[in-house]
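Novice: Sequence first, predicted model second:
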Amino acid sequence: AALLALAPASRAGSECWEQLEFRAGNRFASASSTVEYQRVRADSPAGRLDNPAGKTFLQPRSGTVGLVRTRFEAMRSHGELDTWFDTATGAALQARRLGHGRDSRLKTWRFLSGGVWRERRAPPAGGAASADPATWELRSAALVRYPVPVQDKPVITPIMLIAEAAALAMQAQPAKATRWVFTDAQLYRVVLQSRADDSLDVSFTLSRAQQTRTQSGERTVRRVDIRAHLEGDGPEEEPFTVLELDGEIAVFVDRERGLPVRIQGTWMKVGVVPVDLAAATGGAGCGR
């Protein structure tokens, strides 16, 4: 199985975690997200990428592909977001988001060296949304070119910032890193800044080696602030988000385990919301 990791240089202290479940809410609204980290063969069904004709898309440089599978549910909307990335470079290769209920649509992003091929499909009017989403009507398809050259720097997606923040927090001293991040249709320069160690009260279940126990109490954590700066001259089409959180986004990482225990930001009109880790699954040698 692949683990919470991106490029080889980003793995220290964070590659043990295979599944993270986050929950947030109050008496007005609630949400949950489950993030799974896998590593699959590039020639397997799970690792297969779309390659529409006429374009030269990024391809994995090795025989394996990283896959981040996210399942989310917030009030009356729910769906899945799958992101494939190159385990050798950390660059995003493809992302696919499927919404259910009121948000029934399929969006696919396929990455090139200088932009992203973006497709959007929706169920036919009056048709059954339960049909194979790949057969839904194609509503739009376009190449979104990056407004600035990214050169040989990998472009990632917002969900991949959780692993990036975990890796940054595990460095010996507070540090800063910059990443290119593509959202639905726009490119951002994102600055991650880790802060001094602090403490945070946590409560979650920790599973590894077929054993599960509850972890509760104070842990030493390092906060990583995420600041997104839109590239290009156009206006921001929609807020930059991580797990549907926008505004001043921060990830709090357990310093001993490299485990993201809280993601904080503004959620809808509720205000600043802490999304806390509820459960984590890791390998036999992960965590204590």
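Specialist: On my side now, so go ahead. Since this is a predicted model, take the numbers as computed values, not measurements. Numbering: from 1, shown residues only.
Novice: What strand or helix carries the residue lying closest to Gln171 once chain neighbours are set aside?
Specialist: Spatially, and ignoring its direct neighbours in sequence, Gln171 is nearest to Ser194 (7.2 Å; CB to CB, 6 or more residues apart in numbering). Using the backbone N, CA and C atoms, a C-beta is placed for each residue, glycine as well. Remark: Ser194 resides in strand 187-208, with elements defined by DSSP states H and E.
Novice: so where is this protein shaky, pLDDT-wise?
Specialist: Counting by pLDDT under 70, the chain contains low-confidence ranges at 1-15, 25-30, 75-77, 126-130, 283-288.
Novice: what sits against the residue nearest to the spatial centre of it?
Specialist: Within the chain, the residue whose C-alpha comes closest to the C-alpha centroid is Ile159; the distance, by CA atoms, centre = their mean, is 1.3 Å. By CB atoms under 8 Å, 6 or more residues apart in numbering, the contact list for Ile159 reads 35, 68, 70, 81, 83, 242-243.
Novice: and the next helix or strand after the strand holding Ser194, what does it pack onto?
Specialist: Using DSSP H and E, the helix or strand that follows strand 187-208 in sequence is strand 211-230. Using 3 or more CB pairs under 8 Å, 6 or more residues apart in numbering; DSSP states H and E as the contact definition, the elements that strand 211-230 packs against are helix 161-169, strand 187-208, strand 246-254, strand 259-267.
Novice: Now strand 211-230: buried residues?
Specialist: When burial is assessed from 16 or more other CB atoms under 10 Å, strand 211-230 yields the following buried residues: 215, 219, 221-226, 228, 230.
Novice: ditto for stretch 196-208
Specialist: By neighbour count with 16+ other CB under 10 Å, stretch 196-208 contains the buried residues 200, 202, 204, 206-208.
Novice: residues in contact with it?
Specialist: The set of residues external to stretch 196-208 that reach it, using CB under 8 Å, 6+ apart, is 174, 212-223, 252, 254-255, 261-262, 276-284, 286-287.
Novice: Stretch 36-54 too?
Specialist: If you take CB under 8 Å, 6+ apart as the criterion, stretch 36-54 is touched by 1-5, 17-19, 57, 59-60, 62-70, 84, 87, 93-94, 108, 110, 117, 163.
Novice: Mind checking which of the residues you listed land in strands?
Specialist: Among the contacts of stretch 36-54, the ones falling in strands (DSSP state E) are 17-19, 64-70, 84, 93-94, 108, 110, 117.
Novice: Check the secondary structure at Lys153 for me.
Specialist: coil (DSSP: H, G, I helix; E, B strand; the rest coil).
Novice: Report the secondary structure element holding the closest residue in space to it that isn't next to it in sequence.
Specialist: Spatial nearest neighbour of Lys153, excluding adjacent residues (CB to CB, 6+ apart): Trp180 at 5.6 Å. Secondary-structure element containing Trp180, defined by DSSP H and E: strand 176-182.
Novice: Could you measure from Asp50 over to Thr56?
Specialist: Between Asp50 and Thr56 the distance is 13 Å, computed by CB to CB, to the nearest Å.
Novice: and the two? which has more neighbours close in?
Specialist: Neighbour comparison, Asp50 and Thr56: the larger count goes to Asp50, with 15 against 9 (by other CB atoms under 10 Å).
Novice: how near is the more buried one to Arg213?
Specialist: Plainly put, Asp50 is 41 Å away from Arg213 if you go by CB to CB.
Novice: again, but for Trp17
Specialist: Using CB to CB, Trp17 is found at 16 Å from Arg213.
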